[in-house]
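Enquirer: A structural model of the following input is requested.
(one chain, ligands or ions: 3)
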Amino acid sequence: MAFSATLSGTVFFNLDTNRLRSSPPHPLISRAELRRWCGSPASRSRSGRIRSVGAMEAAAARGERGAEMVKVPHVLTVAGSDSGAGAGIQADLKACAARGVYCSTVITAVTAQNTVGVQGVDNVSEEFVAEQLESVLSDMQVDVVKTGMLPSPGTISILRNSLNKFPVKALVVDPVMVSTSGDVLAGPSVLAVLREELLPIADIITPNLKEASALLGGRQLETIADMHSAAKLLHQMGPRHVLVKGGDLPGSCDAVDVFFDGERIHDLSLPRVKTRNTHGTGCTLASCIAAELAKGSPMLPAVQVAKRFVENALDYSKEISIGKGPQGPFDHFLTLNRKVHNFRKKMVLDPSDLFLYAVTDSGMNRKWGRSIEDAVKAAIEGGATIIQLREKDAETRNFLEAAKSCMEVCRPWGIPLLINDHIDIALACDADGVHVGQSDMPVRAARALLGPEKIIRVSCKTPEQAQQAYMDSANYIGSGGIYPTNTKENNLTIGLEGLKAVCLSSKLPVVAIGGIGISNAYAVMKLGLPNLKGVAVVSALFDRECISTEAKKLYEVLSRASSEVK
Ligand SMILES: Nc1ncnc2c1ncn2[C@@H]1O[C@H](COP(=O)(O)OP(=O)(O)O)[C@@H](O)[C@H]1O
Ligand SMILES: Cc1ncc(COP(=O)(O)O)c(N)n1
Ligand SMILES: [Mg+2]
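Expert: Ligands and ions are numbered 1, 2, ... in the order given. This is a model prediction of the structure:
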């Protein structure tokens, strides 16, 4: 297939001929230089990596060679500012960032707004809207334009002219008119020009019930059947697709939006989240649609993804409290509601946390008829300094529930909780980190998923593995099996000699594991090895009748050994 990527209009690559050329030939950059900068043709064409001549010149001026540029999907939002940052430009920026898309902004109005309502509106002059549009569209490769508050007919005409001059891949029109608080953001004067100039060139319009009604001259919209008719009538005004949003549909326990593509009606339904934090849902939905379109999605999947994103964000944010008014903003990044505020959150590992490392075992808890939360609680009461959940045969859903409950147990004590192997579960319950074995997810990949603040423990049997763990940005090492153990099948026993070799070569703190219990913990700690910060135990705690008593005894033995070697 002839694949010719037009790279910023100046550099072309053709897969058939395998040739790169700059057009016209660049006076400063030779063809060989061009090829070197752009990297291998195969990787570039597949990943869409590009380099414009302008960017190459800038890199050359900085003395850089070989770096690649990546074209990112780009949404331009033309909308009003919300000082409370729940809706408008601010929601658009957050939505695009959350969806991994670059967002530039042309501000049409500045509102003084909070969770109570809109206290003031100051429209940006039409000339200055035009100037912002020219600045962005003439320079940046905008894929999709999304509109929000367009407060005057003149602003709409200016936008239409800019889009004629700088065509984009798609236009998403959210015909913002009234805020959810009931305040007017764009009066009836915009209706005619909106219908005549913008709707006909829109790829999708996303009115809520009030806006659909206003566009249709005050038609009553009270049922889903009304929304179907409205979608069809609005489609006749020219947009390629119509989404009539039913966030405000009275008496429905689902949030139903009606999508019409000119042929088929789709009722898009998701559970209605019970929350006051719905300020900005419309702006967010339209921005997410724009973001998905900018990534290359077809329309219906873009709308479905966007709707799920809004529902998910509302669900995550249902308990957050910002502002005193009836309609709060929500959290686009799904982070504000983590229940960490009252607790000491471990951000980095303190090596002394490794002292008595308790690793749970579902089989043993079952045998003794204990819940995992109770087992963890007892271990902590007895002196365990860190917990690792190792639920080899639990189903993901049950494991996540157990992990969440154990987090509730650990947090008030300031005890870190790690998840064995399952990075998804660690992320979902906001655990302090993970433990990975040599055949699990590689540490680098785990780090990329977990970010810089989570703890990663990796199993190492040899000095080479210990060095690799350090280079891969693990936080510490679990080394073993020190003694033979029943907990892990076919586990090579490295003995105290093996532990010594790992500890002496490791730049990371080490915790010893494997067959350690009350009878031999002393011998391990008594080695007094540099970096050896503690022992990890499974059966010695969890395969005993009284976990907290065993933990206490172990803690005492370890304390005695470590005070003797100091
Ligand atoms: N409580 C809710 N739970 C789930 N989805 C909702 C809720 N409220 C609104 N939505 C969804 O958010 C999007 C925005 O809809 P809506 O609130 O009607 O628009 P606007 O913010 O423009 O008034 C729609 O997809 C709608 O279904
Ligand atoms: C500046 C500005 N633009 C748009 C909205 C609508 O918000 P919603 O997303 O709740 O419809 C708003 N309240 N303020
Ligand atoms: Mg809206």
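
Enquirer: use CA for all of it now, contacts and neighbours both
Expert: Fine.

Enquirer: Any stretches of the stretch 51-200 of the chain with poor pLDDT?
Expert: Across the stretch 51-200 of the chain, residues meeting the criterion (pLDDT under 70) sit at 51-68.

Enquirer: again, only using 80
Expert: 51-68, 180-181 (pLDDT under 80).

Enquirer: near ligand 2, which residues of it show up?
Expert: Proximity of the stretch 51-200 of the chain to ligand 2, by Cα under 6 Å from any ligand atom, involves residues 80-82, 87-88, 111, 148-149, 176, 179-180.

Enquirer: Quick check: of those residues, which lies closest to ligand 1?
Expert: Distance to ligand 1 across these (Cα to the nearest ligand atom) is lowest for residue 180, with 5.9 Å.

Enquirer: Any figure for the gap between the nearest residue to the closest one once chain neighbours are set aside and residue 173?
Expert: In space, and not counting its chain neighbours, residue 180 is closest to residue 279: 7.1 Å by Cα to Cα, 6 or more residues apart in numbering. The gap separating residue 279 from residue 173 is 18 Å, by Cα to Cα, to the nearest Å.

Enquirer: With neighbour numbers in mind, choose between those two.
Expert: The neighbour comparison of residue 279 against residue 173 (other Cα atoms under 10 Å) goes to residue 173, with 28 against 25.

Enquirer: Now do the contacts for the more buried one.
Expert: By Cα atoms under 8 Å, 6 or more residues apart in numbering, residue 173 lies in contact with 146-148, 198-199, 202-206, 286.

Enquirer: repeat for residue 400
Expert: Per Cα under 8 Å, 6+ apart, neighbours of residue 400: 425, 428-429.

Enquirer: PyMOL command for the buried members of the residues you listed?
Expert: Filtering the contacts of residue 400 down to the buried ones (16 or more other Cα atoms under 10 Å) takes a single PyMOL command:
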select buried, resi 425+429
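
Enquirer: Would you mark the buried spots in stretch 140-160?
Expert: For stretch 140-160, the neighbour count (16+ other Cα under 10 Å) marks 141-160 as buried.

Enquirer: What are the boundaries of the strands in the stretch 51-200 of the chain?
Expert: Counting by DSSP state E, counting those that start in this stretch, the stretch 51-200 of the chain has these strands, from start to end: 69-70, 74-82, 102-113, 118-123, 144-147, 170-173.

Enquirer: Nearest to ligand 1 among those strands would be which one?
Expert: Checking these against ligand 1 by Cα to the nearest ligand atom gives strand 170-173 as the closest, at 11.3 Å.

Enquirer: Report pLDDT for residue 473.
Expert: For residue 473, the model assigns a pLDDT of 86.

Enquirer: Same question for residue 414.
Expert: Predicted confidence (pLDDT) for residue 414: 87.

Enquirer: how much space between it and ligand 1?
Expert: Counting by Cα to the nearest ligand atom, to the nearest Å, the separation of residue 414 from ligand 1 is 35 Å.

Enquirer: same check, this time on residue 505
Expert: 54 Å.

Enquirer: Once you drop chain neighbours, what's closest to that residue?
Expert: For residue 505, ignoring the flanking residues on the chain, the nearest one in space by Cα to Cα, 6+ apart is residue 463 at 5.6 Å.

Enquirer: The one you found reaches residue 499, doesn't it?
Expert: No. Taking Cα atoms under 8 Å as the definition, residue 463 is not a contact partner of residue 499, at 9.3 Å.

Enquirer: Let me know the helix or strand that residue 449 is in.
Expert: In the assignment (DSSP states H and E), residue 449 maps to helix 443-450.
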